[in-house]
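A.B. asks: build me a structure from this.
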Amino acid sequence: MRYHFALDLKDDPALIAEYERWHAPGGVWPEVLEDIRAAGITALDIYRTGNRMFMVMEVNGDFSFEKKSATDAANPRVQAWEELMWKFQQPLPWAKEGEKWVLMDKIFEL
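C.D. replies: Below is the predicted model:
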């Protein structure tokens, strides 16, 4: 299964460059990567245009959003990472209260 999400970065070139450095090879904390893999996420890619980001996440049959949320909430390193990343991120105008990455609706397939 594949999911697609969107999120904005703050429209500040210095912050965007720093965010990209955090996501360069070796930049994401190992505990965060371990948490992602343990949740059943088999591939995760982030793309950027301007300050808008798109994330493509492929998961196996063990993945659930509820389980991922619970393990994230219980992991202090993941919480610290999310707090650090929020320095760079901002919610989409239509995001729900407290929502970061917004799940996108598929509207076409070839």
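A.B. asks: and residue 73, backbone torsions?
C.D. replies: When read as degrees, to the nearest 10, the backbone of residue 73 gives phi -60, psi -30.
A.B. asks: try residue 48
C.D. replies: Dihedral angles of residue 48 (phi, psi; degrees, to the nearest 10) stand at phi -130, psi 140.
A.B. asks: that one and residue 9 touch, don't they?
C.D. replies: Yes. With contact defined as Cβ atoms under 8 Å, residue 48 counts as touching residue 9 (7.3 Å). C-beta coordinates here come from the backbone N, C-alpha and C atoms, glycine included.
A.B. asks: which of the two has more neighbours?
C.D. replies: The neighbour comparison of residue 48 against residue 9 (other Cβ atoms under 10 Å) goes to residue 9, with 19 against 15.
A.B. asks: beta partners for that one?
C.D. replies: residue 89 (DSSP bridges).
A.B. asks: what segments of the protein are helices?
C.D. replies: Assignment of helices within the chain using DSSP state H yields the ranges 13-22, 30-38, 65-73, 76-86.
A.B. asks: now the first one: average pLDDT?
C.D. replies: Think helix 13-22. The average pLDDT within helix 13-22 is 98.
A.B. asks: could I get the helices of the chain as CSV with mean neighbour count?
C.D. replies: Converted to CSV, the helices of the chain look like this (neighbours: other Cβ atoms under 10 Å):
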stretch, mean neighbour count
helix 13-22, 13
helix 30-38, 14
helix 65-73, 13
helix 76-86, 14
